[in-house]
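>>> structure for the following, please:
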Amino acid sequence: MFSSFGGGFQMGGPVFGAPVNNTFDDYFRCYPISMMPEHNRKDNTNYGGKIFLPQSALHKLSMLNVRYPMLFKIDCSASGKSTHSGVLEFTAEEGRCYLPQWMLNTIEAEPGTLVNIKTADLAQGSFVKLEPQSVDFLDISDPKAVLENALRFFTTLTVNDIVELNYNDHIYKIKILEVKPDIDGSHGICVIETDLETDFAPPVGYVEPDYKAMQREAQSKITSNRPNPKATASLNGEGSMARQIEYGKLLREAVQEATKGNFDSEGVKLSGKKITATPEAQPEDLKALDLEGPSAPLHLPDGQLFFGFPYTPYTGGDDETDKDADDQQNQQPTFVGQGNSLRTKKKRKDKNKNHPPIKDKARSPETIEID
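Just a heads-up that it's a prediction; the model follows:
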């Protein structure tokens, strides 16, 4: 009796029991974001990976069981190129979609070209390899921070896409060389809420410097800039400071004086011939002392200074005067002074010591004799 309900029941909607199509697939005329109306245009979105769709697309997507975030694949039949993107707003005019300029360049589409936009299912990305398109990218002090900030405006990354980043009023182009994982050959990944490992390839036009040649060139510059004492004289034409003060001669005399014996004298033979003492041989380092060569670093122990000439401490005057002053100072007693008592002495007016004391006069006699 229920055989009449064997067919599907349809009344202005999908047939019950039939498979439901959860894929959004539609065609739009693509335009750059710079051609959007002023009240909807957002120039900073031109350096991101999200597009603008009309409200009709939102109505269709709300009736489908799609995954979030919404990911789309954009195909251009005229060029055969494709890419992936996310959606930022549904504020475009009906029948139009607005794309960043780099995305139009990737799919090789002109303004007004008909493109096919449909939902896509991409895996969460774990790795991406990037290639800067100019060596200017090496001038960025912290490329990692710049890249992390720029990827906040991207939802997807696709192989062979050349994205654009705006940093310090300078546009940097970066090509996507490789992404992982690559499921079903889509060559795209989702970069929302994922830990993405990044690798950089050498920028286009970058040449690895020859460090050995640079080292040889730096060494040759040092050698060429080093002054030649024989060829280069000072302003007064007397050469270096060591030659001006005859430091070599002063040093040899100081060494000879220090090595001279305490009991050197002349001798006389029995025949009456005088014998002069032979000077001691100078050290080998003094014989080989050469002040004509290039300057060498002077390394002194801690606590020593170099003045360029033998240093004699200042004594403050003649030796004889200083000796007499020291003798006089040594003869003077160390502790000399006058002492005072806390109790002052009373001075007597009567200086006659034989006079009986006053206290005895005031004393009453012990016996009185009466005649």
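>>> give me the buried positions along stretch 73-87.
Across stretch 73-87, burial judged by 16 or more other C-beta atoms under 10 Å covers 73-76, 81-87. Placement of C-beta: from N, CA and C, glycine included.
>>> in this structure, which spans are strands?
With strands called from DSSP state E, the chain shows them at 25-32, 50-54, 71-76, 81-92, 96-99, 114-119, 127-132, 156-158, 162-167, 170-180, 188-190, 197-200, 267-268, 274-275.
>>> farthest-apart pair in the buried residues of stretch 73-87, please.
81 and 87 (19.8 Å; C-beta to C-beta).
>>> alpha carbons of stretch 134-143, in CSV - could you do that?
Extracted C-alpha coordinates of stretch 134-143, given in CSV (Å, rounded to 0.1, in the frame of the first residue of the first chain):
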residue,chain,number,x,y,z
SER,A,134,65.4,39.9,-5.0
VAL,A,135,68.5,40.3,-2.8
ASP,A,136,66.8,43.3,-1.1
PHE,A,137,65.2,40.8,1.2
LEU,A,138,68.6,40.2,2.9
ASP,A,139,68.5,43.8,4.1
ILE,A,140,65.7,43.0,6.6
SER,A,141,67.2,42.7,10.0
ASP,A,142,64.7,40.2,11.3
PRO,A,143,63.1,38.3,8.4
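>>> out of the buried residues of stretch 73-87, which comes closest to residue 209?
residue 83 (35.8 Å).
>>> show me what that closest one is bridged to.
residue 74 (DSSP bridges).
>>> so it sits against residue 107, correct?
Yes: applying C-beta atoms under 8 Å, one finds residue 83 in contact with residue 107, separated by 5.8 Å.
>>> any shared contact partners between those two?
Each of residue 74 lies in contact with both residue 83 and residue 107 under the rule C-beta atoms under 8 Å, 6 or more residues apart in numbering.
>>> dump the strands of the chain into TSV; add distance to residue 220 and mean pLDDT as well.
As requested, the strands of the chain are exported to TSV (distance: least, C-beta to C-beta, whole Å; pLDDT from 0 to 100):
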stretch	distance to residue 220	mean pLDDT
strand 25-32	54	95
strand 50-54	55	95
strand 71-76	57	95
strand 81-92	52	94
strand 96-99	55	95
strand 114-119	60	95
strand 127-132	33	93
strand 156-158	47	95
strand 162-167	38	92
strand 170-180	36	93
strand 188-190	51	94
strand 197-200	34	90
strand 267-268	61	76
strand 274-275	59	74
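>>> not counting its neighbours along the chain, what's nearest residue 104?
Nearest non-adjacent residue to residue 104, counting by C-beta to C-beta, 6 or more residues apart in numbering: residue 32, 5.8 Å away.
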